[in-house]
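Undergrad: This is the structure alone, sequence omitted:
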């Protein structure tokens, strides 16, 4: 597990804050096709330490590389003070990123026989899947990730040139549900930046999309939507509160 001390975290966070107004530095620091990867031990650590419905992913710079630091929060939404925090570096994928969404349907076939045993009605109805929990549909995840890859540098340029980097994200708040495996065998989580339009703020906002990977993506046979793509996070700014 990759860890940083409290002091190292604060230095890394300050470095990113100082970098946010410098477009050229950001362009070198953030290849738009790079991701963060958290292994199973880091996910288990966060689940164990976090006491809130959300956790915080703080952005920093460590040894010249952008990093995402996992910050557990207590029940009141404050940062849990511990000696070390898990983190991941922004890195290139070593293989293709495979997203999987399986929707299972029930086919109901109806037939009606008349009193003289003649078929008078014969039809089929498809029962659509019901999701047991909120999930980010795969096509929306793909759209957000591709928007980041294609448009992130334009977004950064505008934020730096017009707003001096004041609106660029410092951290993200993520639903803790994102860290709860939907089944056994979780190996790692890939965390990708995305860009999506906010109806509330009426502009494009960055997000982090958490994609979980298992040893065996299996079909459980129920009428349920199964996916390895989870909900996205909220960037701060603009959605900020003190930790």
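TA: That came in fine, so what should we check first? Just so it is clear, the structure is predicted and the values come from calculations on it, not from any experiment. Residues are numbered from 1 along each chain as shown.
Undergrad: for this structure, where's the lowest mean pLDDT among helices and strands?
TA: Scoring the helices and strands of the chain by mean pLDDT, DSSP states H and E places strand 225-227 at the bottom, with a mean of 43.
Undergrad: most centrally placed residue in the protein?
TA: residue 209 (2.1 Å; C-alpha atoms, centre = their mean).
Undergrad: Tell me what it is bridged to.
TA: residue 192, residue 232 (DSSP bridges).
Undergrad: Number the chain from 21, please
TA: With the count now opening at 21, the last piece we talked about shows up as residue 229.
Undergrad: Per-residue confidence, it, what does it come out as?
TA: Predicted confidence (pLDDT) for residue 229: 89.
Undergrad: which parts of the helix or strand in which residue 207 is found are buried?
TA: Counting by DSSP states H and E, the element that carries residue 207 is strand 206-218. Neighbour counts using 16 or more other C-beta atoms under 10 Å place 206, 208, 209, 210, 211, 212, 213, 214, 215, 216 of strand 206-218 among the buried residues. Placement of C-beta: from N, CA and C, glycine included.
Undergrad: What residues does the fourth one make contact with?
TA: For residue 210, the contacting residues are 55, 56, 57, 113, 117, 230, 231, 233, by C-beta atoms under 8 Å, 6 or more residues apart in numbering.
Undergrad: which of these sit farthest apart?
TA: 113 and 230 (15.0 Å; C-beta to C-beta).
Undergrad: ok, the two, which is more surrounded?
TA: residue 230 (25 against 12; other C-beta atoms under 10 Å).
Undergrad: Tell me how far the more buried one lies from residue 59.
TA: Distance of residue 230 to residue 59, given as C-beta to C-beta, to the nearest Å: 13 Å.
Undergrad: for residue 217, same thing?
TA: Residue 217 sits 32 Å away from residue 59, taking C-beta to C-beta as the criterion.
Undergrad: Buried ones from the contacts of residue 210, can you make that a ChimeraX selection?
TA: Only the buried entries of the contacts of residue 210 go into this ChimeraX selection, using 16+ other C-beta under 10 Å:
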select :55,56,57,230,231,233
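Undergrad: In strands only, show me the contacts of residue 210.
TA: Counting by DSSP state E, these place 55, 56, 57, 230, 231, 233 in strands.
Undergrad: Does the third one have any beta-bridge partners, and if so which?
TA: Same thing as residue 57. residue 210.
Undergrad: which residues touch it?
TA: Residue 57 makes contact with 108, 111, 208, 209, 210, 211 under the criterion C-beta under 8 Å, 6+ apart.
Undergrad: By pLDDT, give me the weakest of the residues you listed.
TA: Across the contacts of residue 57, the smallest pLDDT goes to residue 208, namely 85.
Undergrad: Ignoring the adjacent residues along the chain, who's closest to that residue?
TA: Using C-beta to C-beta, 6 or more residues apart in numbering and skipping residues adjacent in sequence, the residue nearest residue 208 is residue 59, 4.9 Å away.
Undergrad: who touches that neighbour in this structure?
TA: By C-beta under 8 Å, 6+ apart, the contact list for residue 59 reads 21, 207, 208.
Undergrad: Hmm, the first one is touching residue 106, no?
TA: Yes: contact criterion C-beta atoms under 8 Å: residue 21 and residue 106 qualify, at 5.6 Å.
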